[in-house]
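1. Got a predicted model here, sequence first, then my questions.
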Amino acid sequence: MLLALSAATSTTASADVTTLTFLDQNNNPLPWVVLRYRTPAQERSPRPVGTPAEFVVDQRNKRFTPLVSSVPIGATVRFPNSDDIRHHVYSFSEGNAFERKLYRADDAEPVAFNTEGIVAMGCNIHDNMQAFVLVTNRPTWISDEHGVITLPEAFDADTVELWHPLLNGEGSFVPPPATIGEGNTISLPLQWRDPQTPRSQGDLENLLKRFSGETS
Amino acid sequence: MKLRSFAARLLLLLIVLVGAGLLSSTLAALKAADANVRALVAEDVTVRARVAALAMTQQIETLRQQVAVITGDYGFRAAAATGDRGTILSALANHGERVDADLALWITPTGEIILASSPVSELPASVEKAMGRVTPQSAGAIEAIADKAYYLGISPSLAPSLMGWLILGKTIDTPEVERLEQLTGAAITIDIRNTAEGSGGRTSAGWVTHTIDLGALQTGDSLSAEVSLSLLDALANFDGLRYQLIFIALTALALSTLIAVGAARWIAAPISRLVGTARAISNGDYSRSVTVDTGTELDSLGLAIETMQQAVSERESRIRHQALHDLLTQLPNRNHLHTLYNRYLTENPQRTTFAVALLEIDNLPQLRDLYGSDFSDQVLRETAQRLAASLRRGDFAGRVADQQILLFLQELNASSVPTVMQKLRETLAPAMSIDGVPVTIETRTGFAFSPAHGTDFEDLLRRSQLALAEARTTGQQAATYELGKDEHHLRQIRIAGRLQSAIDENAFELFYQPKYHVQHRSICGAEALLRWNDRELGNVYPDEFIPVAEQTGMITALSAWVVERAIRDQQAWRDAGIELATSINLSGKDVINRDFVDSIVVKIRDAGLPPHALVLEVTETSMMSDVELARENMERVQQLGMRISIDDYGTGFSSLAQLRTLPVRELKLDRSLVEQIDTEEGDRLIASSTIEMAHHLGLEVVAEGVETPQIFALLRDLDCEIVQGYLIAKPMPAEHLLEFLAKESWRGLNAASQT
């Protein structure tokens, strides 16, 4: 139902479309869209193309990087800390809950995700930090900063489903619209913003740094 | 402007009273309302300040709870417990931002400031106070830190032992103040008193301010909040009421003015009616009704005016009657008679022939002397009654003088005099009986007739008076005015009127007629003669003006002038080396006036002249009025060396024997004796014997009126010492006298007359 909005101006899905561009409701490129095949029954390689062998969710400038990542079930994810302050990474996602308390650098022990699902994680002392790890064995693609996903085969709306951190949180995937728009675009009814943007401009932190003799 | 009418003053008074009342009550109401508004505003501000204080307290409490929650947060405690400065800083910033803190402090249990988002060098007072407690627990405060006001939440971080103190603060900035202002509906200023002059409070007159001492809320005394309400706004709400009050007052004033106008008219109407009546009375209208029916004192005033009106009316008619009538005889007086006469002329323009008879009761003074004035009054009254009763219709009579009654008789002319006299005799002849005394009055009547003797009342009256005087003089019962008499009379009056002015204007002149001494054949003196050439009357002769001067009492002034002038001329002659005695004529009045006689002596002495320079000529008759006094005066003068001469001798009846007793040195024969001495034997005899007798008495004789050599020769032969007359010289001005003397024209007089 939500995706029907973009159908009005779209043409029927073309069989040879392999590159899709995701847009938000303001027609801005929408990164971090996850496209996944509905069934694992399809003959696909268990791992998407380009998937690294080691999975890392780094922390830089009090942000998780990348925001969204996809790992096979049972994969181990490392959480290195590139900041000079400590982070306290945790998740309460069912089946994959974990906690790595206030560690520095690479002190944290890697975490193995053994349950299929979306793992939402944060930092206990930095409220703006968020990251999502999709634990799945189905073929999965994530849109880049231009909102572009390039598929190895023609796009078929009936066989895929979509997810986005701003779309449904930890909820389930949704079906894509039945048709795609001009220029092979797919619009999702949300407004893009970086979920890890701090609540404020960091005034208080800057002041603390300034008047406590810290340098940023 | 001066308020002339009573009604206007009353109106003004009423309006002023009502206006003052309204003004004071309105002002009082306005003032009360104003005070009320101020009190309400003051109370309102207090309440609002309490609300503001409460709102701020709630803010503090909320912040205190939030800070307490944060310090209880496991993550925060864990971060704090790391002791890692950067981590704590980031956690502090993170958790601080959760509650939108503007200020964050992290302080060690010993009070060392580890982290601060503001340049603080020492612990805020409220923090110090919170840390001073035995059991660490959270606290809220409001305090100024680095010149900014903050709500502060202060809480210990226990893990479970005290790791440090977290202080988060929220600026009480513009949005917060606006929030408070919105909440309270008042203007709020946060005043940091311990800084420099920082107060932006509404301290002007238009504001009512309640100051909350924020220091008193928790700790410190450096902060206050001023909660202000605009008094002008509050009063503006009250404007409606104010205008209403003023409108009511003006309406009331207008209404009461209308009522006052009505009342003033109502009260003043009777007064103006009375004023109208009084004015009518003053104009002589006594016919107005003065009834006033107001049931007030004005009724009495009306009655009083009515009474006054009657009294004035009666008195006026009485006074008018008295003014027009003689009280004694009740006949018209002279003025009224004049009026009646004029009225007669106006009403009867064709009847211009009539007689004016002035009747005088001749023996009235004698009757008065005999029986008293009451008696004579009754005689006069009786006479008046008889005369009035005898008058025909259209005739009238009036009393014009003490014992004179003027009768105005119509259609009579000069030929009617006997008829009128007959009628008067019939009327007045019967004896009167006054107080039992039979009296017969004697009357004289002077007649004048119009138009022959004039038509003017005064002319006719005067001419009848002249006629009466004529009758009196001639001893007749009646006389009629003769034409021309009045002109002489009038000239005398005019002379009398001019005399004083003539003296003042120097209209008089002295002429001198030389006296020739027959034996010495020389001029021995001159007689000073008065000449008057008046600018109005022309030449006036001594015969005319001397009697008038004597009658009017001017003679002494005139004589004094003569004396002064004669003395002056004497001096002039003496300066020229000529010695002549000047003879001066004195009036009978002068002779018996001791002061005047003395003044002559003084004047001569003052002028430095010898006494014999003046010869005083007096007539025999003038000496006779008071012989003793005259003789006394003359003797005194004579003793001083002045010569006395008897003038006009031969016209009176005095005897030489009488003259003998007087201090006389000279006798002047009157010209009437001298002029015909050459033709009348009798005159020559009288002159001859008189001269002879005079010589026997030791008197020198002067002959006047010597005009011919024959007369001169006769007189010389009779041994008359001195002659005076045209033969020698006419009277001449003083300055011609010297010329005359120089010519010596009298030389040969004796020789020429040698017959």
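-> Now that the structure is in, tell me what you want to look at.
2. Is residue B:583 within a helix or a strand, and which one?
-> Remark: residue B:583 resides in strand B:581-585, with elements defined by DSSP states H and E.
3. same thing with residue B:165?
-> Assigned by DSSP H and E, residue B:165 falls within strand B:162-171.
4. tell me which residues in that strand are buried?
-> Buried residues in strand B:162-171, counted by 16 or more other CB atoms under 10 Å in any protein chain shown: B:163-171. Where you see a C-beta, it was placed from the backbone N, CA and C, and this is true even at glycine.
5. Show me the two of those residues that sit farthest apart.
-> B:163 and B:171 (26.6 Å; CB to CB).
6. Which positions in chain A make contact with chain B?
-> A:62, A:84-86, A:88, A:101-102, A:124-128, A:198-200, A:202-205, A:207-212, A:214 (CB under 8 Å from any CB of the partner chain).
7. swap the cut-off to 10 Å and go again
-> Residues of chain A found near chain B (CB under 10 Å from any CB of the partner chain) are A:62, A:83-88, A:90, A:101-102, A:104, A:123-129, A:198-214, A:216.
8. Out of those, which sit inside strands?
-> A:87-88, A:90, A:101-102, A:123 (DSSP state E).
9. Only the buried subset of those residues, as a PyMOL command please.
-> This is the PyMOL syntax for the buried subset of these, where burial follows 16+ other CB under 10 Å:
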select buried, chain A and resi 87+88+101+102+123
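10. With pLDDT as new columns, can the ones in strands among the residues of chain A next to chain B be given to me in a markdown table?
-> As requested, those are arranged in a markdown table below (pLDDT from 0 to 100):
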| residue | pLDDT |
| --- | --- |
| A:87 | 89 |
| A:88 | 88 |
| A:90 | 90 |
| A:101 | 85 |
| A:102 | 85 |
| A:123 | 90 |
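11. Mind putting the ones in strands among the residues of chain A next to chain B into TSV with distance to residue B:320?
-> Output for those, formatted as TSV (distance: CB to CB, whole Å):
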residue	distance to residue B:320
A:87	141
A:88	141
A:90	142
A:101	145
A:102	142
A:123	138
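12. quick check: longest strand of chain B.
-> Per DSSP E, chain B has its longest strand at strand B:522-534.
13. shaky segments in the chain?
-> With no chain named, the answer covers chain A. Low-confidence segments of chain A, defined by pLDDT under 70: A:1-17, A:39-53, A:168-171, A:178, A:213-216.
14. Correction: the question concerned chain B.
-> Using pLDDT under 70, chain B drops low at B:1-4, B:193-205, B:215-222, B:652-657, B:751-755.
15. Quick check: longest helix in it by residues?
-> Once chain B is assigned using DSSP state H, the helix that runs over the most residues is helix B:6-72.
16. tilt between that helix and strand B:162-171?
-> 150 degrees (axes from the mean of the first three to the mean of the last three CA atoms, to 10 degrees).
17. Can you show me the strands along the stretch 551-700 of chain B?
-> Secondary structure of the stretch 551-700 of chain B by DSSP state E, counting those that start in this stretch: the strands cover B:581-585, B:614-619, B:643-649, B:666-669, B:700-703.
18. Could you say which one of the ones you listed comes nearest to residue B:8?
-> For the strands of the stretch 551-700 of chain B, proximity to residue B:8 was assessed by CB to CB; strand B:581-585 is nearest, at 78.6 Å.
19. Mind giving me the packing neighbours of the closest one?
-> Identification of packing neighbours for strand B:581-585 by 3 or more CB pairs under 10 Å, 6 or more residues apart in numbering or on different chains; DSSP states H and E yields strand B:508-517, strand B:522-534, helix B:555-575, strand B:614-619, strand B:643-649.
20. That strand pairs with which strands?
-> For strand B:581-585, the paired strands and their directions (DSSP bridges) are strand B:522-534 (parallel), strand B:614-619 (parallel).
21. Now do the contacts for residue B:687.
-> Going by CB atoms under 10 Å, 6 or more residues apart in numbering or on different chains, residue B:687 touches B:650, B:669, B:673-674, B:676-677, B:680, B:701, B:703, B:711, B:714-715, B:718, B:720.
22. overlap between those residues and the residues near chain A?
-> By CB under 10 Å from any CB, no member of these lies near chain A.
23. Would you list the buried entries among the residues you listed?
-> Buried among the contacts of residue B:687 (16+ other CB under 10 Å): B:650, B:669, B:673-674, B:676-677, B:701, B:703, B:711, B:714-715, B:718, B:720.
24. Same list (the residues you listed) but as a markdown table, adding distance to residue B:434.
-> Below are the buried ones among the contacts of residue B:687 laid out as a markdown table (distance: CB to CB, whole Å):
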| residue | distance to residue B:434 |
| --- | --- |
| B:650 | 51 |
| B:669 | 56 |
| B:673 | 54 |
| B:674 | 58 |
| B:676 | 58 |
| B:677 | 61 |
| B:701 | 60 |
| B:703 | 60 |
| B:711 | 64 |
| B:714 | 66 |
| B:715 | 64 |
| B:718 | 64 |
| B:720 | 63 |
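25. strand partners of the strand holding residue B:165, parallel vs antiparallel please.
-> Under the criterion DSSP bridges, strand B:162-171 sits next to strand B:103-107 (antiparallel), strand B:148-158 (antiparallel) in its sheet.
26. between the longest helix seen in chain A and strand B:103-107, how many degrees?
-> Longest helix of chain A, by residue count under DSSP H: helix A:203-211. In terms of direction (the same axes, to 10 degrees), helix A:203-211 departs from strand B:103-107 by 50 degrees.
27. Helix A:203-211 - contacts with which helices or strands?
-> Against helix A:203-211 (3+ CB pairs under 10 Å, 6+ apart) you get helix B:85-98, strand B:103-107, strand B:113-116.
28. Can you give the domain ranges for chain A?
-> Domain ranges of chain A: A:1-42+A:138-211, A:44-137, per automatic domain parsing.
29. residues contacting residue B:576?
-> Taking CB under 10 Å, 6+ apart, we find residue B:576 in contact with B:737-738, B:741.
30. sorry, back to before: could you export the longest helix of chain A as CSV, CA atoms only?
-> C-alpha atoms of helix A:203-211 as CSV (Å, rounded to 0.1, in the frame of the first residue of the first chain):
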residue,chain,number,x,y,z
ASP,A,203,27.5,22.9,21.7
LEU,A,204,27.7,21.5,25.2
GLU,A,205,30.5,19.2,24.2
ASN,A,206,32.4,22.0,22.5
LEU,A,207,32.0,24.1,25.6
LEU,A,208,33.1,21.3,27.8
LYS,A,209,36.1,20.8,25.6
ARG,A,210,36.9,24.4,25.5
PHE,A,211,36.6,25.2,29.2
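31. Pull the residues that contact that helix.
-> Here helix A:203-211 makes contact (CB under 10 Å, 6+ apart) with A:62, A:198, A:200, A:202, A:214-216, B:86, B:88-90, B:92-97, B:100-106, B:113-120, B:146, B:168.
32. what comes up buried for that helix?
-> Buried residues in helix A:203-211, defined by neighbour count with 16+ other CB under 10 Å: A:204-205, A:207-209, A:211.
33. any chance of the helices and strands packed on strand B:581-585 in JSON lines, with mean neighbour count and distance to residue B:435 too?
-> Listed next are the helices and strands packed on strand B:581-585 as JSON lines, based on neighbours: other CB atoms under 10 Å in any protein chain shown; distance: least, CB to CB, whole Å:
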{"stretch": "strand B:508-517", "mean neighbour count": "20", "distance to residue B:435": "57"}
{"stretch": "strand B:522-534", "mean neighbour count": "20", "distance to residue B:435": "55"}
{"stretch": "helix B:555-575", "mean neighbour count": "18", "distance to residue B:435": "45"}
{"stretch": "strand B:614-619", "mean neighbour count": "22", "distance to residue B:435": "48"}
{"stretch": "strand B:643-649", "mean neighbour count": "23", "distance to residue B:435": "51"}
